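**Q** next come a sequence and a model predicted from it.
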Amino acid sequence: MKILIDILHPAHVHFFRNFIAEMKQRDHQLCITARQKDVTLELLREYGIEHIPISEIGKGKLNLGKELLTRNLKLIKICRQFRPDILLGVMGPSIATVGALLRIPRIVFYNNENAHATNWFVYPLANAVVTSSSYARKITGNHITYQGYHEYAYLHPRWFTPNLKTLAANGIDPKEKFILVRFVSWQASHDVGEKGLNDKVKLVQELEQFAKVYITSESNVPEELKKNVLLLQNKKDIFDIMSQAALIFGEGATMASEAALLGVPAVYVNSLQLGYLQEQERNYHLVYNFTNQEQGLQKAKELLQQKNLRKEHQQRLDTLRQEKIDVTQWMIDFVEKFSLPGTPKVDV
């Protein structure tokens, strides 16, 4: 099978990387197209994944629209050369439109119910829209669900074991207590009109009363906080570091879910509320969702003063692991059995 995967975001690299490796071992041919956003291309290089950059993220609605047009034109050319049997992607604005135009089957994976600007046209064009069972909106069309989360495609125990040597290599004392804070860029189409942290300096100062604070950010940070920015030796080292944090606090939904799947308490502050994070709070008490900084900060302080905090969250993670599947293996089975019209029933 010839498979084209379109990658738009750093998290998509992680989502697909094990799938890519496994499908190559099964003698499938793959073509990876990519978008320059944050550290996407750096991650692809670190993982040794051959790829074709075809666009750079636009800033603002107008430039995002221009980028989509440029991206689609380049993707059409690549599809005509590679002649894929199927197109895969997360969010999928380009694979949905190009696939429909060229009549190539397309599967869209997604986990964001609030990306209205893209979901309204992408979902009807997809042959299958694949989401976690936690997805909180009805999808018209061929909606396929699985018992897991996007982040479990790379943080399931089959695919990830923490390497504690990574901490020292990145200047972190493995014995020290530390908090990881995440800031986002607010450039995504689904970020329009949303908000998160309103006083980053105050936040970090308050958290520093409990532990060393490291910052990871998609955009520039205030001058006072530059000393806290975590300068990674390799971008892929972030999961080893996250796994040892006392707490993860931030605006990023993906990192909050990743923390949950590592058994690390996560405080998520963002007006954008998502089904998978709400489930991780409601069913497992691994994530704490808030829409304003003060409420989130108060919860963080409570957590940081609890005894056996890490042990309790690791026990909650054990419960989650009993109920959720290896998403990468599910993807392999689903894609290999996918056919038109209709979709297969995949036993996992």
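**A** Nice, thanks for sending it over. Numbers count the residues shown, from 1 in each chain.

**Q** what ranges do the helices span in the stretch 101-250 of the chain?
**A** 116-125, 152-155, 165-169, 200-207, 238-242 (DSSP state H, counting those that start in this stretch).

**Q** turn those helices into CSV, including mean neighbour count.
**A** Quick note: C-beta positions are derived from backbone N, CA and C, even for glycine. Shown next, in CSV, are the helices of the stretch 101-250 of the chain (neighbours: other Cβ atoms under 10 Å):
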stretch, mean neighbour count
helix 116-125, 16
helix 152-155, 24
helix 165-169, 15
helix 200-207, 18
helix 238-242, 21
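
**Q** minimum distance to residue 184: which of these has it?
**A** Minimum separation from residue 184 across those (Cβ to Cβ) falls at helix 200-207, 11.5 Å.

**Q** can you list contacts of that closest one?
**A** Helix 200-207 is contacted from outside by 179, 181, 183, 197, 213, 215, 221-222, 224-225, 228, 249, 293, 297, 300-301, 304, using Cβ atoms under 8 Å, 6 or more residues apart in numbering.

**Q** and of the helices of the stretch 101-250 of the chain, who's closest to residue 18?
**A** Proximity to residue 18, assessed across these by Cβ to Cβ, is greatest for helix 152-155 (6.0 Å).

**Q** show me the contact partners of that closest one.
**A** By Cβ under 8 Å, 6+ apart, the residues outside helix 152-155 that reach it are 14-19, 159-160, 239, 258, 261-262, 324-328, 331.

**Q** with adjacent residues omitted, what lies nearest to residue 300?
**A** Among residues not flanking residue 300 along the chain, residue 267 sits closest, at 4.9 Å (Cβ to Cβ, 6 or more residues apart in numbering).

**Q** next helix or strand past whichever strand or helix holds the one you found?
**A** For residue 267, the element it lies in under DSSP states H and E is strand 266-269. Using DSSP H and E, the next helix or strand after strand 266-269 towards the C-terminus is helix 275-282.

**Q** next, the buried residues of that following helix.
**A** Residues of helix 275-282 classed as buried by neighbour count (16 or more other Cβ atoms under 10 Å): 275-277, 279-281.

**Q** for it, name the packing helices and strands.
**A** Packing partners of helix 275-282 (3 or more Cβ pairs under 8 Å, 6 or more residues apart in numbering; DSSP states H and E): helix 253-261, strand 287-290.

**Q** just name the most buried of those.
**A** Mean neighbour count (mean count of other Cβ atoms under 10 Å) peaks for helix 253-261 among the helices and strands packed on helix 275-282, with a mean of 27.

**Q** alpha carbons only: can I get that helix in PDB?
**A** Extracted C-alpha coordinates of helix 253-261, given in PDB (Å, rounded to 0.1, in the frame of the first residue of the first chain):
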ATOM      1  CA  ALA A 253      -4.100  20.800  25.700                       C
ATOM      2  CA  THR A 254      -1.700  18.300  24.100                       C
ATOM      3  CA  MET A 255       0.900  18.600  26.900                       C
ATOM      4  CA  ALA A 256      -1.900  18.400  29.600                       C
ATOM      5  CA  SER A 257      -3.000  15.100  28.100                       C
ATOM      6  CA  GLU A 258       0.600  13.900  27.700                       C
ATOM      7  CA  ALA A 259       1.100  14.600  31.400                       C
ATOM      8  CA  ALA A 260      -2.000  12.600  32.300                       C
ATOM      9  CA  LEU A 261      -0.700   9.600  30.300                       C
END
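
**Q** what's in contact with it?
**A** Identification of contacts with helix 253-261 by Cβ under 8 Å, 6+ apart yields 11, 112, 149-152, 155-156, 182, 216, 239, 242, 245, 248, 250, 265-268, 270, 272, 274, 276-277, 280, 284, 286-287, 317, 320.

**Q** so that helix versus helix 275-282, what angle?
**A** With axes from the mean of the first three to the mean of the last three Cα atoms, to 10 degrees as the basis, helix 253-261 and helix 275-282 are set at 30 degrees to each other.

**Q** now helix 253-261, how far from the centre of its chain.
**A** Distance of helix 253-261 from the chain centroid (Cα atoms, centre = their mean, to the nearest Å) equals 8 Å.

**Q** average model confidence for stretch 4-15?
**A** The average pLDDT within stretch 4-15 is 95.

**Q** could you find the closest non-adjacent residue to the spatially most central residue of the chain?
**A** The residue lying closest to the centre of the chain (Cα atoms, centre = their mean) is residue 11, at 3.7 Å. Leaving out its chain neighbours, the residue that sits closest to residue 11 by Cβ to Cβ, 6+ apart is residue 254, at 4.7 Å.

**Q** about what we covered before: separation between the residue nearest to residue 300 and residue 50?
**A** Separation of residue 267 from residue 50 (Cβ to Cβ, to the nearest Å): 38 Å.
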